[in-house]
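Enquirer: Whatever this is, show me its structure:
(chains A and B, ligands or ions: 2)
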Amino acid sequence: MKHTAYSKEHARFLIKRRKNLTLVWTLRIGVLALLLGLWELVTACGWVDPFIMSSPSRIAKTIASLYADGSLFYHIGVTLWETLAGFAIAVVLGFAVALLLWWSETVRKVLEPYIVVLNALPKIALGPLIIVWFGTGSEAIVFMTVLVGIIVAILHMLSAFIATDPNKILLMRSLGAGKWQILFKLVLPSSYPALISMLKVSVGMAWIGSIMGEYIVSRAGLGYLIVYGGQVFKLDLVMSATFLLCLLAAGMYALVVLLEKILVKNAER
Amino acid sequence: MKNILQFQSVTYIYHTVRGELIAAKDVTFSVGEGEFVAVIGPSGCGKTTILSLAAGLLKPSDGTIERSGTFGYMLQKDELFPWRTIEKNIYLPLEVRRQRSPQQRERAVALAEKYGLGDFLKSYPAQLSGGMRQRAALIRTLAADPDLLLLDEPFSALDYQTRLNVCEDVANIIRSEKKTALLITHDISEAISLADRILVLSARPARVLHTHTLDFGGVPPLRRRELPAFSGWFERLWGELNT
Ligand SMILES: Nc1ncnc2c1ncn2[C@@H]1O[C@H](COP(=O)(O)OP(=O)(O)O)[C@@H](O)[C@H]1O
Ligand SMILES: [Mg+2]
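Expert: Ligands and ions are numbered 1, 2, ... in the order given. Next up is the predicted model:
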């Protein structure tokens, strides 16, 4: 501990806070353990058919066998790559389009109905078209991921760009600033928090996009394992892949939170 | 005395989808070098419009505006950029005008130090009080060394006590830097305590109803408020605004 000069009351406050945190974490892990234990119990005792419900031990066995035949990291890698590629393209492209729409009000007005329709359209409806255009490889899934994520990215950034304080724009104009200067010195820096929240939202969208893509067309990936497992009634496989997906999504979320901390720290410097 | 700003029969009309709105009609006045001119008028009468015209942000629908020299615009709120330190905020006008010489930066920093912002240069706006922030906004406006300061109700967002102090502050800084200023306000006592000359505007569309030259000389704002002539001016201007 760096600070030792706290008052007694503050020390009590800190201890109480730490105790509370410990309690929360203990309970969180406890709930998980309880659920897994119950699940194992009811299937092991035969109260519920493990063929339908699978069970924690069977999931562990399935994952171990996937690992043994080398396909575990292959499938994880495929899904991860598709998700990240789709995420990156959607974010960069969405940001660029939002900039263009901010820059020209005419372009914005022209494209508005198209964006509204694209936003409302369930992307899964485009599945057959995507298969015809891109085949059944990873490209099709990356395309689907971009499609799902880009509109959200555009709308999120555009609303931040447009919300730039008009008085600050007035100030910049009174200083003689042109549009580029207003963009770089005012609009972009003031949209920084929106950029961070857009990244957070887009990670979620990318998972939706890639798994949805793998549901429609694919020969590999966690979404493929889930669909395949469902078709051949291997519920252990379905559950295992779902479990891995939970782990990956949680990991990525943690990374984004870390990134957010770094970015926010940078912004405050 | 050389004129820094000259309005000649200026009319301004806003065009919107709902129709047109005459914000200023046949406005004529001038601001001489070194003068502190205050413009008072009821709210919504077109004061900000006149200031935007003076700044060249709007083009008159009719009439002419002559300007000599550069100007700096100070708004109601400080509009400091929260992601920049006070120092970087003060450099903003220099950056925008691509005046990046070390001398200009030094001049800006010297100005900040002279007027009590020296310790706050590395702080962020959120760490400063409202009064300090407004002072920083003034230093930012002065950093580019404008010939004319345009002030749009610069104190109205502050609480009463801070407002009196900042008003005093700003008056001192403007006078000791020998700047020309055009102040817009709806606060009669603020106008009397700061200005050499007061223009009284009508309700919309704004026209210049009266022009008064005050005779306080170099007496600072808070002292002016204590003088007997102050209440005389107040009553007179109040009467003119409410007829
Ligand atoms: N951009 C604009 N478009 C249309 N009308 C405006 C615009 N700006 C101001 N007005 C109108 O012009 C009138 C004068 O506004 P303004 O100059 O801001 O008044 P003041 O600063 O004296 O309160 C008001 O009635 C206001 O509603
Ligand atoms: Mg106004």
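Enquirer: Now do the phi/psi pair for B:L148.
Expert: Phi and psi for B:L148, reported as degrees, to the nearest 10, are phi -130, psi 130.
Enquirer: what's the spacing between it and B:Y115?
Expert: The gap separating B:L148 from B:Y115 is 19 Å, by CB to CB, to the nearest Å. From N, CA and C alone the C-beta is placed, and that goes for glycine too.
Enquirer: Likewise for A:L100?
Expert: Distance from A:L100 to B:Y115, by CB to CB: 43 Å.
Enquirer: mind listing what B:A157 touches?
Expert: B:Q76, B:K77, B:G130 (CB atoms under 8 Å, 6 or more residues apart in numbering or on different chains).
Enquirer: ok, and the most crowded of those residues?
Expert: B:K77 (19 neighbours; other CB atoms under 10 Å in any protein chain shown).
Enquirer: quick one, what contacts it?
Expert: A:N167, B:A157.
Enquirer: Checking my notes, it in a helix, right?
Expert: No - assigned with DSSP: H, G, I helix; E, B strand; the rest coil, B:K77 falls outside any helix and is coil.
Enquirer: returning to what we had before: out of A:L100 and B:Y115, which sits in the busier spot?
Expert: B:Y115 (19 against 14).
Enquirer: B:I139 is in contact with the more buried one, correct?
Expert: Yes - counting by CB atoms under 8 Å, B:Y115 does reach B:I139; the two are 6.2 Å apart.
Enquirer: which intervals of the stretch 1-150 of chain A have sub-threshold pLDDT?
Expert: Along the stretch 1-150 of chain A, segments meeting pLDDT under 70 span A:1-4.
Enquirer: show me where it has strands.
Expert: Applying DSSP state E, counting those that start in this stretch to the stretch 1-150 of chain A gives no strands.
Enquirer: Give the burial count for the spatially closest residue to B:L164 that is not a sequence neighbour, as a bare number.
Expert: Nearest residue to B:L164, sequence neighbours excluded (CB to CB, 6 or more residues apart in numbering or on different chains): B:L222, at 6.5 Å. Residue neighbour count, defined by other CB under 10 Å, stands at 13 for B:L222.
Enquirer: Repeat that for A:N167.
Expert: Neighbours of A:N167 using other CB under 10 Å come to 13.
Enquirer: helix/strand/coil for the residue nearest to B:L164?
Expert: When the rule is three-state DSSP, B:L222 gets the label helix.
Enquirer: Could I get the contacting residues of it?
Expert: Shown in contact with B:L222 (CB under 8 Å, 6+ apart): B:L164, B:E168, B:S193.
Enquirer: one more time with 10 Å, if that's ok
Expert: B:L164, B:N165, B:C167, B:E168, B:A171, B:S193 (CB atoms under 10 Å, 6 or more residues apart in numbering or on different chains).
Enquirer: how near is it to ligand 1?
Expert: 26 Å (CB to the nearest ligand atom, to the nearest Å).
Enquirer: Report pLDDT for that residue.
Expert: Listed pLDDT for B:L222 reads 82.
Enquirer: Likewise for B:P42?
Expert: For B:P42, pLDDT reads 88.
Enquirer: Which strand or helix spans B:R163?
Expert: helix B:160-176 (DSSP states H and E).
Enquirer: Relative to the helix or strand just after that helix, what are the paired strands and their orientations?
Expert: Following helix B:160-176 in sequence order, the next helix or strand is strand B:180-185 (DSSP H and E). In the sheet, strand B:180-185 lines up against strand B:36-40 (parallel), strand B:148-152 (parallel) (DSSP bridges).
Enquirer: Please enumerate the shared neighbours of B:Y115 and B:I139.
Expert: B:I173.
Enquirer: Buried residues in stretch A:130-140, which are they?
Expert: The neighbour-count check on stretch A:130-140 (16 or more other CB atoms under 10 Å in any protein chain shown) flags A:I130, A:F134, A:S138, A:A140 as buried.
Enquirer: So what touches that stretch?
Expert: A:78-79, A:81-82, A:85-86, A:123-124, A:126-127, A:129, A:141-144, A:147, A:210, A:213-214, A:216-221.
Enquirer: And what about the residue of chain B found nearest chain A, helix, strand or coil?
Expert: Residue nearest to chain A within chain B: B:Y73 (3.6 Å; CB to the nearest CB). Classification of B:Y73 using three-state DSSP returns strand.
Enquirer: B:A144 versus that one, what's the distance?
Expert: Distance, B:Y73 to B:A144, using CB to CB: 11 Å.
Enquirer: list residues touching both of these two?
Expert: Listed as contacting both B:Y73 and B:A144 by CB under 10 Å, 6+ apart are A:L175, B:P93.
Enquirer: one step back: just the buried members of the contacts of stretch A:130-140?
Expert: A:78-79, A:82, A:85-86, A:123, A:127, A:141-144, A:147, A:210, A:213-214, A:216-218, A:220-221.
Enquirer: Next step: those residues restricted to helices.
Expert: Within the buried ones among the contacts of stretch A:130-140, residues falling in helices by DSSP state H are A:78-79, A:82, A:85-86, A:127, A:141-144, A:147, A:210, A:213-214, A:216.
Enquirer: Get me the contact residues on chain B for chain A.
Expert: B:48, B:51-52, B:55-57, B:70-85, B:92-98, B:124, B:137, B:140-141, B:144, B:146, B:150, B:152 (CB under 10 Å from any CB of the partner chain).
Enquirer: List the backbone torsions phi and psi for residue 177.
Expert: You didn't pick a chain, so chain A it is. phi -70, psi 140.
Enquirer: that answer is for a different chain, and I need it for chain B
Expert: phi -90, psi 0.
Enquirer: Who's the closest spatial neighbour of it, skipping the chain neighbours?
Expert: Nearest to B:E177 is B:L142, by CB to CB, 6+ apart, at 6.4 Å.
Enquirer: Tell me which other helices or strands the one helix or strand the one you found maps to touches.
Expert: In this structure, B:L142 sits in helix B:130-143 according to DSSP H and E. Applying 3 or more CB pairs under 10 Å, 6 or more residues apart in numbering or on different chains; DSSP states H and E, one finds that helix B:130-143 contacts helix A:166-174, strand B:71-74, helix B:86-96, helix B:102-114, strand B:148-152, helix B:160-176.
Enquirer: for that helix, the distance to its chain's centre please.
Expert: Here helix B:130-143 is found 12 Å from its chain centre; the criterion is CA atoms, centre = their mean, to the nearest Å.
Enquirer: One more: stretch B:139-149?
Expert: 11 Å.
Enquirer: Endpoints of that stretch, how far apart?
Expert: 11 Å (CA to CA, to the nearest Å).
Enquirer: For that stretch, buried residues please.
Expert: B:I139, B:R140, B:T141, B:L142, B:A143, B:A144, B:D145, B:P146, B:L148, B:L149.
Enquirer: Equivalent analysis for stretch A:38-50, please.
Expert: Buried, per 16+ other CB under 10 Å, within stretch A:38-50: A:W39, A:T43, A:P50.
Enquirer: Contact partners for the first one?
Expert: Spelled out, it's A:W39. A:V48, A:P50, A:M53, A:S54, A:S55, A:P56, A:S57, A:I59, A:M239.
Enquirer: Just the buried ones from those residues, in PyMOL syntax?
Expert: This is the PyMOL syntax for the buried subset of the contacts of A:W39, where burial follows 16+ other CB under 10 Å:
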select buried, chain A and resi 50+54+55+56+59+239
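Enquirer: With distance to chain B as added columns, please give the contacts of A:W39 in TSV.
Expert: Supplementary listing: the contacts of A:W39 in TSV, determined by distance: CB to the nearest CB, whole Å:
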residue	distance to chain B
A:V48	56
A:P50	57
A:M53	53
A:S54	51
A:S55	53
A:P56	49
A:S57	53
A:I59	48
A:M239	47
